[in-house]
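Novice: here is a sequence with its predicted model. Questions after.
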Amino acid sequence: MKEFRNPSTVHAPLAAYTHQIEVSGAQRWLLMSGQIGMRKDGALSDDPVEQLEIALDNISKNLQAAGMGIQDLVKISIYLVDPIEPVRRREVLSTWSQGLEPCTTLIYVAALVTPNIKVEIDAWACA
């Protein structure tokens, strides 16, 4: 069972995320390596927003391969090399997450594995 909580003793979330999710009982966990905005054929857009959308799609495909879905996500960490306009970033995340607000961390980094990769997202899911 997953219980999503935003304790009253902590500030309200600044965006669509939850401060904590407690998992109890017999659960199945899926931990994903960082997913980048690369298509299956190896294509990589120069547009960071498109890379964000593709990285999120790759997370969805990993979830499906494990017999899970978006509703099973409990944590995502987003690594960005270049800022993505906050309203647009939140819009992309909100559409993809279908209203789910997993624990989320957003980190700006100097670089990722190669210069043309601008987005990487790792994720945890529990079912």
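Specialist: Here it is on my side, so go on.

Novice: please make it C-alpha for all contacts and neighbour counts, starting now.
Specialist: Fine.

Novice: tell me which element Met32 is part of?
Specialist: Per DSSP states H and E, Met32 falls inside strand 29-36.

Novice: who are the packing partners of that strand?
Specialist: With contacts taken as 3 or more C-alpha pairs under 8 Å, 6 or more residues apart in numbering; DSSP states H and E, strand 29-36 sits against helix 48-65, strand 119-126.

Novice: mean pLDDT added to the ones you listed, as CSV?
Specialist: Formatted as CSV, these follow (pLDDT from 0 to 100):
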stretch, mean pLDDT
helix 48-65, 96
strand 119-126, 96
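
Novice: right, and those - which one's nearest Ala12?
Specialist: The minimum distance between Ala12 and the helices and strands packed on strand 29-36 falls on strand 119-126, with 22.3 Å, by C-alpha to C-alpha.

Novice: run through who's touching that closest one.
Specialist: The contact list for strand 119-126, computed with C-alpha atoms under 8 Å, 6 or more residues apart in numbering, reads 23, 27-37, 48, 51-52, 55-56, 59, 63, 72-81, 112.

Novice: give the ChimeraX command for selecting the buried subset of those residues.
Specialist: Selection of buried members from these for ChimeraX, criterion 16 or more other C-alpha atoms under 10 Å:
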select :30,34,35,36,37,48,51,52,55,56,59,63,72,73,74,75,76,77,78,79,80,81
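
Novice: the residue most central in space within the chain: which element?
Specialist: By C-alpha atoms, centre = their mean, the chain has its centre lying nearest to Ile76, at 3.9 Å. Applying DSSP H and E as the criterion places Ile76 in strand 73-80.

Novice: list the buried residues in the lowest-mean-pLDDT helix or strand in the chain.
Specialist: Least confident helix or strand, the chain: strand 20-23 with a mean of 84, by mean pLDDT, DSSP states H and E. Neighbour counts over strand 20-23 (16+ other C-alpha under 10 Å) mark Gln20, Ile21 as buried.

Novice: and that strand, how far from the chain's centre?
Specialist: Computed by C-alpha atoms, centre = their mean, to the nearest Å, the chain-centroid distance of strand 20-23 equals 16 Å.
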